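Q: turn this into a structure:
(chains A and B)
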Amino acid sequence: MATTDTSYAGAETARPRVDHLLIAEMVATGSRVLDVGCGDGALLQLLTDTKAVDGRGIELNREKVNASVKRGLSVIQGDADRDLADYPDQAFDYAILSLTIQATRYPKTVLEHLLRIGHRAIVSFPNFGHWKIRGQLLLTGRMPMTENLPEPWYLSPDGHLCTIKDFADLVAIVGAEVEDAVAFNSSGTRIPIKNAWSFQNMMGEKAVFLLRRRDGR
Amino acid sequence: MADPNVEHAPEAIVAKTTAAATDAAAQATAALAEVHRPTSHVATFSESEALTLDSGQTLGPFQIAYQTYGALNADKSNAILICHALTGDQHVANRHPVTGKPGWWEILVGPGKPVDTDRFFVICSNILGGCMGSTGPASINPKTDKPYALDFPVITIGDMVDAQVRLVDHLGIGTLFSVVGGSMGGMQVLEWASRHPDRVATAIPIATAPWHSAQNIAFHEVGRQAVMADPQWCEGNYIDRGTRPARGLAVARMAAHITYLSEKALEEKFGRNLQNRSARSFSFDADFKIESYLRHQGSTFVDRFDANSYLYITRAMDYFDLEAEHGGKLASAFTGTRTQFCVVSFTSDWLYPTRDSKDIVKALNAVAANVSFVEIESSKGHDAFLLEEPEFFDTVRGFIDAAARKRGLAARGTVAGGIGAV
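A: The predicted structure follows:
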């Protein structure tokens, strides 16, 4: 019988993901964080260990919830589309949605909830505007499959894929402003997004946005 | 709440022989003896230490019967209180003195189990109003030298918790590392966390609700009416009259038992199968396996449980409404709490459905509490919390281990004399 302590040590030594490290850089030390779609709790663990955050998570998959609970994290089995409405306004400093928005049923509503629940929202997503994806669609005429989008269209949970430009549009539509945004690729190379969206939209495989409501609350 | 041994219930209920009837009578006598001289530790509280009940009445002197497992550490930081359900008792992890069956949560509580008695000092007390040695309606009323019967005051879940607080004080323990319970035990967990947030480091309310629903009150009322309709109940004075409302209580138990299962569990376990016969008998015998099973549940229950206790405890559950207790706002029950919660529900539990657990979670979220929540996939209905459910055990073990680590409690197998995990 494996002890929980062993699995904890194993979880701790795993190398953090590039997008997690980028998010961790955006989070202030000692803040309150809600990670929506927190998986096995790897990001919350990283934020707890390196930024001393007071973290909470929501995750749909029960086994992953259990994995988070074993790490000592506070995680609720739930669904971004259904359960965010239950959270009070401005309860967290940051509401994070990492690589999940494309799999939600109502991305706009989810984003609005994130901006309501958190003083700031951090959203990462795979960029459908990356040149490899454009190239595949152009050359094969079929839905692209890449490292980041490994499933065929009929199995993929990602019903709402978007490009960096698309996401920037949504940010404007929900009345938020971009405080910081970084595009990056699988090797970890970062392409800061300032105003030259077109270049990043071609070169970044994924992107992380740090958002704030325009009314500054 | 239900017997943990339902899986092992005899397939055939043979007509009771004289010997079996004698056994049952002997068991009932043994059960009554437990009321006065329990096979447990007993903490007694004098009249000057009387409890002030939610009803405004006082109760004292009173006594609480309890079991403990494992050892309390030097700084008294490793105590876990287990709260039992409606028909449970303090014998959570040892053979039952009346029925001879294993402890009702022995699969969860014990050496190396998720609630590990090698590491933790586990306390389980019979609730106030119970019939296994804590003061209840079958106890002797010192004012009359007769059993209290209906002179026993109506109690609440909060009163049960207040009595447990006295016990924990008596044991010299300030903060409990955890309070754990399912069903009505879960209601006690919520009351503990609400009334004594500084004394509860972690709380695990399982298969429970922040208030008793109309449906649940309805089922309880059916049970109570069955007991009170039995002429042997004698307006509650059956002990004094030397009778026993066994039929009424058995019917109450049968009705309640249906609510502990799911339709799927009933279908899988019994279906329309006949009991020890190949054809219908064209009579009102227990033709079907499910009938035989329920009759067995009813008849074994009455040999170990006091009918008036059943009335009082179901009433306490019906009165439970944590939201109403806090001005109609459930979140106010937990304002400022620093307790870490782990809420668990089961998919097929229609008595205390996931919806109820989610209301608890929502309230805790509203006050920014530390809360985890897991809904366990199970076809076994409300009973699932008493049965072998590996994912459920995983959750409890993971939560307790992580919380113990945070509080610097010894890892498994490091308590002197403890059995190390492999």
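Q: where along the chain do the helices fall?
A: Looking at chain A here, since you left the chain open. Secondary structure of chain A, counting by DSSP state H: helices at A:4-13, A:18-26, A:42-51, A:62-70, A:80-83, A:107-117, A:131-140, A:164-173, A:197-203.
Q: let's do chain B instead
A: Here chain B has its helices, by DSSP H, at B:18-36, B:157-170, B:184-195, B:214-229, B:238-241, B:246-260, B:263-269, B:289-302, B:307-319, B:322-325, B:354-366, B:390-406.
Q: show me which residues of chain B sit near chain A.
A: Neighbours of chain A within chain B, by Cβ under 8 Å from any Cβ of the partner chain: B:340, B:342, B:361-362, B:365-366, B:368, B:370-377, B:391, B:394-395, B:397-399, B:401-403, B:405-406, B:411-412, B:421-422. Where you see a C-beta, it was placed from the backbone N, CA and C, and this is true even at glycine.
Q: just give the closest residue to the one residue sitting closest to the centre of chain A, not the sequence neighbours.
A: Residue closest to the average C-alpha location in chain A (Cα atoms, centre = their mean): A:Ser98, at 1.1 Å. Taking Cβ to Cβ, 6 or more residues apart in numbering or on different chains, and ignoring the residues beside it in sequence, A:Ser98 has A:Ser124 as its nearest neighbour in space, at 4.7 Å.
Q: need the contact list for that neighbour.
A: Residues near A:Ser124 by Cβ atoms under 8 Å, 6 or more residues apart in numbering or on different chains: A:19, A:22-23, A:97-99, A:206-209.
Q: identify the residue of the stretch 1-150 of chain B closest to chain A, quick one.
A: Using Cβ to the nearest Cβ, the single residue of the stretch 1-150 of chain B nearest to chain A is B:Gly112, 8.1 Å away.
Q: quick check: which ranges of chain A have low pLDDT?
A: Judged by pLDDT under 70, chain A has its weakly predicted residues at A:1-14, A:193-196, A:216-217.
Q: enumerate the residues of it near chain B.
A: Counting by Cβ under 8 Å from any Cβ, the residues of chain A close to chain B are A:1, A:3-5, A:8, A:32, A:56, A:62-63, A:65-66, A:68-78, A:86-88, A:91.
Q: now the buried members of those residues.
A: For the residues of chain A next to chain B, a burial check counting by 16 or more other Cβ atoms under 10 Å in any protein chain shown picks out A:3-4, A:8, A:32, A:56, A:62, A:65-66, A:68-78, A:86-87, A:91.
Q: now do the buried residues in stretch A:174-193.
A: Along stretch A:174-193, these residues count as buried under the neighbour rule (16+ other Cβ under 10 Å): A:174, A:176, A:180-185, A:191, A:193.
Q: which of those residues fall in strands?
A: With strands defined by DSSP state E, the entries of these inside them are A:176, A:180-184, A:191.
Q: with adjacent residues omitted, what lies nearest to A:Arg116?
A: Nearest residue to A:Arg116, sequence neighbours excluded (Cβ to Cβ, 6+ apart): A:Asp89, at 5.6 Å.
Q: tell me how far that neighbour lies from A:Ala95.
A: Using Cβ to Cβ, to the nearest Å, A:Asp89 is found at 11 Å from A:Ala95.
Q: which residues do these two both contact?
A: With contacts defined as Cβ under 8 Å, 6+ apart, the residues adjacent to both A:Asp89 and A:Ala95 are A:Ile117.
Q: which one's more surrounded, those two?
A: Using other Cβ atoms under 10 Å in any protein chain shown, the more surrounded residue of A:Asp89 and A:Ala95 is A:Ala95, with 30 against 8.
Q: ok, B:Lys380 touching B:Ser348?
A: Yes. When contacts are counted by Cβ atoms under 8 Å, B:Lys380 is listed as touching B:Ser348 (6.4 Å).
Q: identify the contacts common to these two.
A: By the contact definition Cβ under 8 Å, 6+ apart, B:Lys380 and B:Ser348 are jointly contacted by B:262, B:265.
Q: okay, these two: which has more neighbours?
A: In this comparison of B:Lys380 against B:Ser348, neighbours counted by other Cβ under 10 Å, the higher total goes to B:Lys380 at 25 against 20.
Q: I'd like the helices of chain A written out as JSON lines, with distance to B:Asp23 added.
A: Written out in JSON lines, the entries for these read as follows (distance: least, Cβ to Cβ, whole Å):
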{"stretch": "helix A:4-13", "distance to B:Asp23": "44"}
{"stretch": "helix A:18-26", "distance to B:Asp23": "64"}
{"stretch": "helix A:42-51", "distance to B:Asp23": "56"}
{"stretch": "helix A:62-70", "distance to B:Asp23": "44"}
{"stretch": "helix A:80-83", "distance to B:Asp23": "53"}
{"stretch": "helix A:107-117", "distance to B:Asp23": "61"}
{"stretch": "helix A:131-140", "distance to B:Asp23": "76"}
{"stretch": "helix A:164-173", "distance to B:Asp23": "73"}
{"stretch": "helix A:197-203", "distance to B:Asp23": "81"}
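Q: to B:Thr52, which of the ones you listed lies closest?
A: Taking Cβ to Cβ, helix A:62-70 is the member of the helices of chain A nearest to B:Thr52, at 38.2 Å.
Q: burial count for residue 203?
A: No chain specified, so I'll use chain A. With other Cβ under 10 Å as criterion, A:Met203 counts 17.
Q: please refer instead to chain B.
A: Using other Cβ under 10 Å, B:Ala203 has 28 neighbouring residues.
Q: what sits against it?
A: Under the criterion of Cβ under 8 Å, 6+ apart, the contact list for B:Ala203 reads B:178-180, B:189-190, B:192-193, B:339-342.
Q: report the separation between it and chain A.
A: Taken as Cβ to the nearest Cβ, to the nearest Å, the spacing of B:Ala203 relative to chain A amounts to 12 Å.
Q: which pLDDT value goes with the closest residue to that residue other than its chain neighbours?
A: The shortest distance from B:Ala203 to any residue that is not its chain neighbour, by Cβ to Cβ, 6+ apart, is 4.5 Å, and that residue is B:Ala193. Here, the pLDDT recorded for B:Ala193 equals 98.
Q: B:Leu266 is in contact with B:Ser379, correct?
A: No. Taking contacts as Cβ under 8 Å, B:Ser379 lies outside contact range of B:Leu266: 10.3 Å.
Q: what about stretch A:132-142, distance to the chain center?
A: A distance of 25 Å separates the centroid of the chain from that of stretch A:132-142, by Cα atoms, centre = their mean, to the nearest Å.
Q: what sits against B:Ala366?
A: Neighbour list for B:Ala366: A:88, B:331 [criterion: Cβ under 8 Å, 6+ apart].
Q: what's the pLDDT at it?
A: pLDDT recorded at B:Ala366 is 91.
Q: got it, and B:Ala33?
A: With respect to pLDDT, B:Ala33 has a value of 89.
Q: picking up where we left off before, return the most buried member of the helices of chain B.
A: With neighbours defined as mean count of other Cβ atoms under 10 Å in any protein chain shown, the helices of chain B peak in mean count at helix B:184-195, which reaches a mean of 27.
Q: angle of it against helix B:354-366?
A: Angle, helix B:184-195 to helix B:354-366, by axes from the mean of the first three to the mean of the last three Cα atoms, to 10 degrees: 10 degrees.
Q: alpha carbons of helix B:184-195, in CSV - could you do that?
A: Taking C-alpha atoms only, helix B:184-195 is exported to CSV below (Å, rounded to 0.1, in the frame of the first residue of the first chain):
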residue,chain,number,x,y,z
MET,B,184,-27.4,12.8,11.3
GLY,B,185,-23.7,12.5,12.3
GLY,B,186,-23.0,15.0,9.6
MET,B,187,-25.6,17.4,11.1
GLN,B,188,-23.6,17.2,14.4
VAL,B,189,-20.4,17.9,12.5
LEU,B,190,-22.0,21.1,11.1
GLU,B,191,-23.3,22.1,14.5
TRP,B,192,-19.9,21.6,16.0
ALA,B,193,-18.2,23.7,13.3
SER,B,194,-20.9,26.4,13.7
ARG,B,195,-21.0,26.6,17.5
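Q: measure the closest residue to A:Met202 other than its chain neighbours to B:Asp198 for me?
A: In space, A:Met202 comes closest to A:Trp131 once its chain neighbours are excluded; the distance is 4.9 Å by Cβ to Cβ, 6+ apart. When Cβ to Cβ is applied, the distance between A:Trp131 and B:Asp198 equals 59 Å.
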